[in-house]
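[1] My questions are about this predicted structure, shown below with the sequence.
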There are 2 protein chains.
Amino acid sequence: MEKLSRNSRVVAITKILTENPNKIIGLNRFSELLNAAKSTISEDIVIVREILDKLEMGKVETISGASGGIKYIPRIGNSMAKDFAENLCDILKDEGRVIPGDRIYMTDLMYNPEIISRAGTILSAWFNDKEIDYIITVETKGIPLAYEVARNLGIQLVIARRDTLVTEGPTMTINYVSGTSKRLQQMSLSKKAMKNNSRCVFIDDFMKGGGTALGIKDLLKEFDSELIGIGVLVDNKEVNKKLVDDYVSIVELHSVEESIISDIRPSKLFE
Amino acid sequence: MEKLSRNSRVVAITKILTENPNKIIGLNRFSELLNAAKSTISEDIVIVREILDKLEMGKVETISGASGGIKYIPRIGNSMAKDFAENLCDILKDEGRVIPGDRIYMTDLMYNPEIISRAGTILSAWFNDKEIDYIITVETKGIPLAYEVARNLGIQLVIARRDTLVTEGPTMTINYVSGTSKRLQQMSLSKKAMKNNSRCVFIDDFMKGGGTALGIKDLLKEFDSELIGIGVLVDNKEVNKKLVDDYVSIVELHSVEESIISDIRPSKLFE
């Protein structure tokens, strides 16, 4: 390939970094792909890093050593993230969100890639330096968000199921009690799904009593693994006695009146 | 903000485009964010478009008119896509993939963001110009892949469930017969999940007899909606009588011998 201009090289480098979050990419790879010396690529990377920093669009870190290179860490600037959370509050305040039993309909949001990709970036930034091995969730609604967090952290997703399937091989099943309804429930995870002695973060759509999170904690014990953190889209603050305490959310629901969410705010993450 | 260099502007434009696939972004937005005239931004965009074209990293299209702007269409070059499919075949040939009942364990792959993000780009490119309104899947294993295709196409994901949940509101439930086991199964979709008269693509992990796909087709009829296409990661060619015919896959499984996948190849997509 002929030589490319610096403009062209920085475009290609930005594209590759954005699509490979938290993966270490050796300078050789850029050097070969873009037909340029490693010293030239290093200068390109400085340009990419500086503008992403300035616009609060993420960080580019240099990892030294034999297996070194650069890696891109997704991040959304605080004011943009807060705007996002406020917008989410407005959407949730709409009529029709509260369905019989004072439950909140938010499936459409959980399956909306524009919302979930941003929420995933915000949550992943929170856990980025905590050396997490797996993101875990339980089917179904939290899966896209959990996937986004895993993708941003460059790690494997693990999904506990409520049934057991013949295509999963030997499976570990536990019982747990949901935090609010006190109903006995079950979740299962294939023994193949994760290595023992792992550090995990649980991602879900909604935090109410915390029963599911406690169930995940118990399930992880069976894999000699640890629950390092919890992240959810919406934290229901109407339930103030939770079974778990260490978690983050994007928005906090404070009160529902006459089938309308009357008080919902961005979480403490944005203060 | 002070003026930015062209190098810096093309980095920011590339980042924003990559993160907003198939969304039309007005030049105004770039112009304001980057403090540059629209004519300057237009020149920047030409640079971004040309290098992405040259490296087969996606397309940048110009949409004219009042609500016009540019949009980025994700794409992976054919030789890179074929390498990806061949690598996937190698992984699937590993011992231990075939579990009792001649079923294939591939949950780890379906929950691996590095694999699923690429597979999602390949499948989305296939459906990109078909004016799709929704990506639909049925829980659980196909969800991350379906989410990726939806994200790449900039559209909403819809997930049919095997149970019915109280947080979904009124729900449509259908029965269907799985293509190979002939077992009667059920799937449900909330009436709120999609608008009637929509064009949908079904995404799943595995195509065997096609019973699930046929079930989705029937379910969509209840929403006066149409199944426009089907995309799966693995097509099991050992079952040659399928209940549906119009679908694409990434790899084709041709034979399993003594609990090892002995013949598996990239699909016709890469020929």
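    Received the coordinates, thanks. Because the structure is predicted, anything quoted here is derived from the model rather than measured.

[2] Double-check that A:Glu252 belongs to a helix.
    No - assigned with DSSP: H, G, I helix; E, B strand; the rest coil, A:Glu252 falls outside any helix and is strand.

[3] what about it, distance to chain B?
    Distance of A:Glu252 to chain B, given as C-beta to the nearest C-beta, to the nearest Å: 19 Å. Every C-beta, even on glycine, is put in place using the N, C-alpha and C of the backbone.

[4] That residue against A:Arg265, yeah?
    Yes - contact status for A:Glu252 versus A:Arg265: in contact at 5.5 Å, counting by C-beta atoms under 8 Å.

[5] center of chain A, which residue is that?
    A:Val149 (2.3 Å; C-alpha atoms, centre = their mean).

[6] Now name the helix or strand holding A:Ser31.
    helix A:27-34 (DSSP states H and E).

[7] what's in contact with that helix?
    A:4, A:8-9, A:12-13, A:16, A:36-38, A:41-42, A:44-45, A:69-70, B:55 (C-beta atoms under 8 Å, 6 or more residues apart in numbering or on different chains).

[8] what about A:Glu95, neighbour count?
    Neighbourhood size, A:Glu95 [other C-beta atoms under 10 Å in any protein chain shown]: 8.

[9] which SSE is it in?
    Following DSSP H and E, there is no helix or strand that holds A:Glu95.

[10] and it, how far is that from chain B?
    13 Å.

[11] how about that residue, phi and psi?
    phi -60, psi 150 (degrees, to the nearest 10).

[12] In this structure it contacts A:Ser262, no?
    No - using C-beta under 8 Å, A:Glu95 makes no contact with A:Ser262, being 11.8 Å away.

[13] Show the subsequent helix or strand relative to the helix holding A:Ser31.
    Using DSSP H and E, the helix or strand that follows helix A:27-34 in sequence is helix A:38-54.

[14] Report whether that following helix contacts chain B.
    Yes - Helix A:38-54 reaches chain B (C-beta under 8 Å from any C-beta of the partner chain) through A:Ile47, A:Val48, A:Glu50, A:Ile51, A:Leu52, A:Lys54.

[15] and which of these is nearest to B:Asn78?
    A:Val48 (27.2 Å; C-beta to C-beta).

[16] residues from the stretch 151-271 of chain A in reach of chain B?
    Contact residues (C-beta under 8 Å from any C-beta) of the stretch 151-271 of chain A with chain B: A:151, A:154-159, A:161-163, A:166-169, A:190, A:192-193.

[17] go with 7 Å
    Within the stretch 151-271 of chain A, the positions lying close to chain B (C-beta under 7 Å from any C-beta of the partner chain) are A:151, A:156-159, A:161, A:166-169, A:190, A:192-193.

[18] Please check these and keep the buried ones.
    A:Arg151, A:Gln156, A:Leu157, A:Val158, A:Ile159, A:Arg161, A:Thr167, A:Glu168, A:Gly169, A:Ser190, A:Ala193 (16 or more other C-beta atoms under 10 Å in any protein chain shown).

[19] okay, among these, which ones form the most distant pair?
    Within those, A:Arg151 and A:Gly169 form the most distant pair, 24.9 Å apart (C-beta to C-beta).

[20] For A:Ile228, pull up the helix or strand it's in.
    Going by DSSP H and E, A:Ile228 is part of strand A:226-236.

[21] Check which helices and strands that strand is in contact with.
    helix A:113-127, strand A:199-207, helix A:211-221, strand A:248-257 (3 or more C-beta pairs under 7 Å, 6 or more residues apart in numbering or on different chains; DSSP states H and E).

[22] ok, back up a step: distance from the helix holding A:Ser31 to the middle of the chain?
    Offset of helix A:27-34 from its chain centre (C-alpha atoms, centre = their mean, to the nearest Å): 30 Å.

[23] which parts of it are buried?
    Quick answer for helix A:27-34 (16+ other C-beta under 10 Å): A:Leu27, A:Phe30, A:Ser31, A:Leu33, A:Leu34.

[24] picking up where we left off before, could you tell me which of the contacts of helix A:27-34 count as buried?
    Buried by 16+ other C-beta under 10 Å: A:4, A:8-9, A:12-13, A:16, A:36, A:41, A:44-45, A:69-70, B:55, out of the contacts of helix A:27-34.

[25] So of these, which two are at opposite extremes in space?
    Pairwise over the buried ones among the contacts of helix A:27-34, using C-beta to C-beta, the maximum falls at A:Ser8 and A:Gly69, 20.6 Å.
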